[in-house]
Structure formats: structure tokens, C-alpha cells
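Q: for reference, the sequence and a predicted model appear below.
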Number of protein chains: 2
Amino acid sequence: MEKKEGAIPNATAKRIPLYYRYLKMLEESGVSRIKSKEFSKLIQVPSATIRRDFSHFGELGRSGYGYDVGYLLEVFSEILNTKVEKRIALVGVGNLGRALAHYNFKKNENLNIVSAFDNDPNVVGTKINDVMIQSMESLEAIIKKEAITTAILTVPSLNSQEVVDKVVAAGVTAILNFAPGRIKVPDHVKVQYIDLTTELQTLIYLDENFSNAKHMVG
Amino acid sequence: MEKKEGAIPNATAKRIPLYYRYLKMLEESGVSRIKSKEFSKLIQVPSATIRRDFSHFGELGRSGYGYDVGYLLEVFSEILNTKVEKRIALVGVGNLGRALAHYNFKKNENLNIVSAFDNDPNVVGTKINDVMIQSMESLEAIIKKEAITTAILTVPSLNSQEVVDKVVAAGVTAILNFAPGRIKVPDHVKVQYIDLTTELQTLIYLDENFSNAKHMVG
């Protein structure tokens, strides 16, 4: 199958990792076919959206028979490039960084934290899960040498812009940022924010004020 | 100021915690007035959206003079009920749960993890950050007794539905769920998912395929 870059709408593109993830779960449970209605229930995305999204990828199934899970997985796996290792740098090895290094996306064999950095001399030189923690001074050289383009930042907001400038200078183009402060990046760099406090505050606020409408995200 | 429940559009409601957070940062930096254009740059939300959102809360500032940060904070603080303590239960004290317990939303004095639960006998009875870790068997009684309505789940996907059923039975109506699997809840319960792997996969996918359009979330 040929990948048609840019032909997939952005909203569809964002749902592909979610689709992939659930199809993987289905395959692992021995499910080989699924109808859009059932899939909709499982992942809590409207079935019309699923059908429209899937229509961008050609003939994936006949109506009434459901979609072929294995074939969908092949298609999405190719789109997501899951057979190619993504080498990731983790910057900031406090409690959250440590948890991420332990977790290391184990279920996704292609997502791999290969380098970790911190400015605490007590942790530099130690290992978590086979990943050596290295000094901030060595960050730029290592990221360049390892050709890493993705970084996860769990540094305090106060330092985040400085760290961002460093990783971007070293060649990083994708940043998953856990610090709540907004950061500035050049146009070619993508940033995804995960702000746990805001997520929690939003949830509680919606729970207290919109108690009849179910709120779904993701 | 009276809170007009239901009068605020859902999309606006979801942005209030973000607004609140940044206004707080501005106040701490000594900023007392801000124009929608400057605020827009800071939080990366279009200024027209900000003006429209703020218009739901009455006369917050005169055009040309900018918004009064202190007054906005008062308004949003009341909407978000930030002066009332939100008592939170943490279920699952593995690496991620441990990191969250340490973090405990310190900058937001009203968000408070007051109980933690795990099924590992080695951690039950120990404390993190003054929070006692208790057994899963005691979960229902403690959540009921403490009148906790918000829970953060960091349990494996395999166990998450079982745990969800327990916390919901105990009276929880808001769940922040870190397990990737979708969970089923009654209509009155709100769920917010944070799926780190999907966030990372989406980010990398967008970085690799849509390199000219900056992707912003939050």
C-alpha cells in the first residue's frame, strides 16, 4: 500500500494511533473482524466518524461483514511506521521522568527511550531500565550523535524554555512536554502538552457543573 | 458574582482551567493587566476565542485597556471553586502513581490526594508524602467515609474496569484514567483519559507526516 502523505485530514490522522492501539488489543484477543458499530462502542468514537476515517484508506471491508482487523492493522502500522524504531530522549529524571523511564512504552516495541538527561549530579551516571542518565552538558552532542528527533520533557516550567532551545538546536523536531508553561519553538517543531493539573481541574469542573453530559476525551 | 450553571458553552468551560492557570502565573509575575492579544500569544489560543470566552463572564475589561488579571482570577477561581478542597483518591501506586503522589498538585493548594490504594502488600501501610497507602479491600469504605468524588487510576488496563466499578460504587463521579483501555461508567460519571503512548505516537506521526503545520494541543 502506498502512503498518501497529506491526503489524510488532520482530524483523521490524530485518531490513527488510537485506532491502531485498539485493533492491536482486538488482535491479541483473537478478534479477526469487527463492525464499525462494535468498534465505535469499544473506542467511544461515533461509528460514522470511524467509517469516514477508514474510507480514506481504500477498501478495508465490505458492509455487513465488518472490517478485517489484520488488514487494518497492516495499513495503520505502515502509516504509523511502527516497524521503525523511534529513538526518544527523556529530559528530566525526577519522579515523573523516572516513572516514564521504567514504563518505557514497553507494549510498543518501536518506541524506545534510549537516552535520559538530568542536571542532578547524584543521578547522572546511574541507570534506569538499562538507560544511562547523562549530564545536561552532554545532551546536545548525544542527541546529535544518536540522531534522536523526539524528546520527552519533564523539567520544571521555569527551565523548560532553556531545555527546549537545547533539544531543538540538537535536532529534535517532536516534543512531548509535561511542564505546564507554554514553550516557543520554530515552525518545524511539533509540541504536545500533557498538563496533569489542568486535566484534573477540567475534569472536576465538568463533573461539578455539567453532571448530565458525559465528557469524553481522546 | 453569581455562577450561571449551564450558561457557559462546553468548549469555553474546558478552557477555564487553562485560563486560570496562566492568569495565576501572570499574577505571580506581577502582571495586573493583559490584552487579549498578549494573552493569546502566551497561551496559544486565538485572541478572538479568548474574547468570546471572556464575554460570557460579563464586563471583565474595557477594550484598549486590557483585562484586569486580579478580577479575572476572582471570577475563574469562583467558577472553578478553587477555594474548596478537592479530595482525591489515587488508585494504583506503581511508578506513575508514586510520581503523582509525590507531585500531589503542590501548586494548587485545593487539589489534594488524600488516600492512596494498592494491592501490593509490600507497599500497603507505607506512606508517600504523608499519604498512607491502603489496601484495595478498604477502598470502598474509605472513599465513602471521606466523601471522595474524584479518583486517579494508574492501574493496569487489565484491572481497570474492576477498579472503576469499585470506585463508582463508592461514590466517585470523576475519574482521571491513565490506563489505555476504555472503561464503562454510568452516565453521571465523567472520565478523562490520559494515554501517554497514544499521545507520543500521535506526536511522532504528525511530526513525520505533517512537518509544515505546527500542531498545538491543550
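A: Nice, I can see it. Residues are numbered from 1 along each chain as shown, chains lettered A, B, ... in the order given.
Q: list the buried residues for the lengthiest helix in chain A?
A: The longest helix of chain A (DSSP state H) is helix A:10-28. Neighbour counts over helix A:10-28 (16 or more other Cβ atoms under 10 Å in any protein chain shown) mark A:12-26 as buried. Heads up, the C-betas are built off the backbone N, CA and C, glycines and all.
Q: just after it, pick out the following helix or strand.
A: Per DSSP states H and E, helix A:10-28 leads on to strand A:33-34 as the next helix or strand towards the C-terminus.
Q: need the residues that contact that next one.
A: A:L26, A:L42, A:G61, A:Y65, A:G66, A:Y67, A:D68, A:V69 (Cβ atoms under 8 Å, 6 or more residues apart in numbering or on different chains).
Q: if you go by neighbour count, which of those residues are buried?
A: Here, 16+ other Cβ under 10 Å leaves A:L26, A:L42, A:G61, A:G66, A:Y67, A:D68, A:V69 buried among the contacts of strand A:33-34.
Q: can I get those in TSV with secondary structure, pLDDT and distance to chain B?
A: Below are those laid out as TSV (DSSP: H, G, I helix; E, B strand; the rest coil; pLDDT from 0 to 100; distance: Cβ to the nearest Cβ, whole Å):
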residue	secondary structure	pLDDT	distance to chain B
A:L26	helix	87	12
A:L42	helix	86	6
A:G61	strand	59	21
A:G66	strand	86	19
A:Y67	strand	89	18
A:D68	strand	89	22
A:V69	helix	91	17
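Q: would TSV of these with distance to B:I8 be doable?
A: Listed next are these as TSV, based on distance: Cβ to Cβ, whole Å:
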residue	distance to B:I8
A:L26	38
A:L42	32
A:G61	41
A:G66	41
A:Y67	39
A:D68	44
A:V69	41
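Q: which among the contacts of strand A:33-34 gets closest to B:L96?
A: For those, the minimum distance to B:L96 (Cβ to Cβ) is 23.9 Å, reached by A:L42.
Q: quickly list the domain ranges of chain A.
A: A:10-80, A:86-197 (the TED database).
Q: gap between the two ends of stretch A:167-182?
A: 16 Å (Cα to Cα, to the nearest Å).
Q: quick one: it to chain centroid distance?
A: Distance of stretch A:167-182 from the chain centroid (Cα atoms, centre = their mean, to the nearest Å) equals 14 Å.
Q: please report phi then psi for the closest residue to A:V114 other than its chain neighbours.
A: Ranked by Cβ to Cβ, 6 or more residues apart in numbering or on different chains and with sequence neighbours excluded, the top spatial neighbour of A:V114 is A:R87, at 4.7 Å. With angles defined as degrees, to the nearest 10, A:R87 sits at phi -90, psi 120.
Q: quick check, A:R87 in contact with A:E146.
A: Yes. At 6.1 Å, A:R87 and A:E146 qualify as touching, with contact defined as Cβ atoms under 8 Å.
Q: comparing the domains of chain A, which yields the minimum mean pLDDT?
A: Among those, domain A:10-80 has the lowest mean pLDDT, at a mean of 85.
Q: which residues touch the longest strand seen in chain A?
A: Secondary structure assigned by DSSP state E gives strand A:111-118 as the longest strand of chain A. Applying Cβ under 8 Å, 6+ apart, the contact partners of strand A:111-118 are A:85-94, A:97, A:100-101, A:104-105, A:124, A:128, A:131-136, A:138-139, A:142-143, A:146, A:148, A:152, B:197, B:200-201, B:204.
Q: among these, which ones are in helices?
A: A:G97, A:L100, A:A101, A:L139, A:I142, A:I143, B:T197, B:L200, B:Q201, B:I204.
Q: how close does A:L153 sit to chain B?
A: 12 Å (Cβ to the nearest Cβ, to the nearest Å).
Q: check A:I16 too.
A: Taken as Cβ to the nearest Cβ, the span from A:I16 to chain B is 7 Å.
Q: residues contacting that residue?
A: Applying Cβ under 8 Å, 6+ apart to A:I16 gives the contacts A:I8, A:F76, A:I79, A:L80, B:T202, B:Y205.
Q: what about A:V191, distance to B:Q134?
A: 38 Å (Cβ to Cβ, to the nearest Å).
Q: compare the two (neighbour count), which wins?
A: Between A:V191 and B:Q134, counted using other Cβ atoms under 10 Å in any protein chain shown, A:V191 has the larger neighbour count: 22 against 19.
Q: excluding its backbone neighbours, what's nearest that one?
A: A:I175 (4.8 Å).
Q: same thing with A:I128?
A: A:A101 is the one closest to A:I128 (Cβ to Cβ, 6+ apart), at 4.2 Å.
Q: how many residues are close by A:L90?
A: Per other Cβ under 10 Å, the neighbour tally for A:L90 reads 25.
Q: for it, give the beta-bridge partners.
A: A:A116, A:I152 (DSSP bridges).
Q: measure A:S157 to B:N108 for me?
A: Taken as Cβ to Cβ, the span from A:S157 to B:N108 is 14 Å.
Q: name the residue in the two with the higher neighbour count.
A: B:N108 (19 against 16).
Q: surely the more buried one and A:L196 touch.
A: No. When contacts are counted by Cβ under 8 Å, B:N108 is not listed as touching A:L196 (10.5 Å).
Q: quick check: buried residues in the helix or strand encompassing A:G70?
A: Using DSSP H and E, A:G70 sits in helix A:69-80. Judged by neighbour count using 16+ other Cβ under 10 Å, the buried positions of helix A:69-80 are A:V69, A:Y71, A:L72, A:L73, A:V75, A:F76, A:I79, A:L80.
Q: again, but for stretch A:164-178
A: Applying 16+ other Cβ under 10 Å to stretch A:164-178 flags A:V164, A:K166, A:V167, A:V168, A:A170, A:V172, A:T173, A:A174, A:I175, A:L176, A:N177, A:F178 as buried.
Q: what do you get for stretch A:26-42?
A: A:L26, A:V31, A:I34, A:K35, A:S36, A:F39, A:S40, A:L42.
Q: which residues does the first one contact?
A: Residues near A:L26 by Cβ under 8 Å, 6+ apart: A:I34, A:L42, A:V69.
Q: what residues are bridge-paired with the first one?
A: Taking DSSP bridges, one obtains A:Y67 as the residues bridged to A:I34.
Q: could you measure from it over to A:I16?
A: Distance from A:I34 to A:I16, by Cβ to Cβ: 16 Å.
Q: what do you get for the second one?
A: As judged by Cβ to Cβ, A:L42 and A:I16 stand 16 Å apart.
Q: likewise A:E162?
A: A:E162 is 33 Å from A:I16, by Cβ to Cβ.
Q: picking that back up, and the helix holding A:G70, how far from the chain's centre?
A: 17 Å.
Q: and it, what does it pack against?
A: Judged by 3 or more Cβ pairs under 8 Å, 6 or more residues apart in numbering or on different chains; DSSP states H and E, helix A:69-80 is in contact with helix A:10-28, helix B:196-209.
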